[in-house]
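Asks: Sequence and predicted structure, then a few things I'm wondering about:
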Amino acid sequence: LGRISPQVPLDLWDPFGFTKQMAPERKEKALLAEINNGRLAMIGLFGLISASKGLIVPGLDTLGIAPYAGEVMAPFTAGDTALPFVADMAAKIGTYGY
């Protein structure tokens, strides 16, 4: 491709070498498809998160996604206080007003 990879020094796009036999044009097309798939996945996840917060998202508002009523810091509770900074974060659960 003649370009420096944006993942220098770790080129993790094809760690198993499946694209070594591909023509450069085909390899570029496959890389572009992979980037676009990642972008679409991020847009989809953002849409689901938005719908769970009660926002109207076309196409997702008819799915009946229940608004998330839990605590966003729940994964960082008493069971994980040995992890760095978790004890400080857990002490602030419920004090932010949202």
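Replies: That came through fine. Numbering: from 1, shown residues only.
Asks: what is the mean pLDDT for the helix or strand hosting residue 39?
Replies: Using DSSP states H and E, residue 39 falls within helix 24-52. Mean per-residue pLDDT for helix 24-52: 87.
Asks: Tell me which helix or strand comes right after it.
Replies: Helix 24-52 is succeeded, C-terminally, by helix 86-91 (DSSP H and E).
Asks: For the helix holding residue 39, which helices and strands make contact with it?
Replies: For helix 24-52, there is no helix or strand it packs on, judged by 3 or more CB pairs under 8 Å, 6 or more residues apart in numbering; DSSP states H and E. Glycine gets a C-beta too; all of them are placed from N, C-alpha and C.
Asks: Flag every buried residue along it.
Replies: 27, 47, 51 (16 or more other CB atoms under 10 Å).
Asks: Switch those over to CSV; also include distance to residue 62.
Replies: Below are the buried residues of helix 24-52 laid out as CSV (distance: CB to CB, whole Å):
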residue, distance to residue 62
27, 40
47, 13
51, 10
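Asks: How many neighbouring residues does residue 89 have?
Replies: 14 (other CB atoms under 10 Å).
Asks: Quick check: it vs residue 53, distance?
Replies: Going from residue 89 to residue 53 by CB to CB, to the nearest Å gives 21 Å.
Asks: now swap in residue 15 and tell me
Replies: 36 Å.
Asks: neighbour count winner among the two?
Replies: residue 53 (11 against 8).
Asks: burial measure for residue 59, as a count.
Replies: 8.
Asks: Can you pull the phi/psi pair for it?
Replies: phi 90, psi -30 (degrees, to the nearest 10).
Asks: Residue 56 too?
Replies: The phi/psi pair for residue 56 (degrees, to the nearest 10) is phi -90, psi 120.
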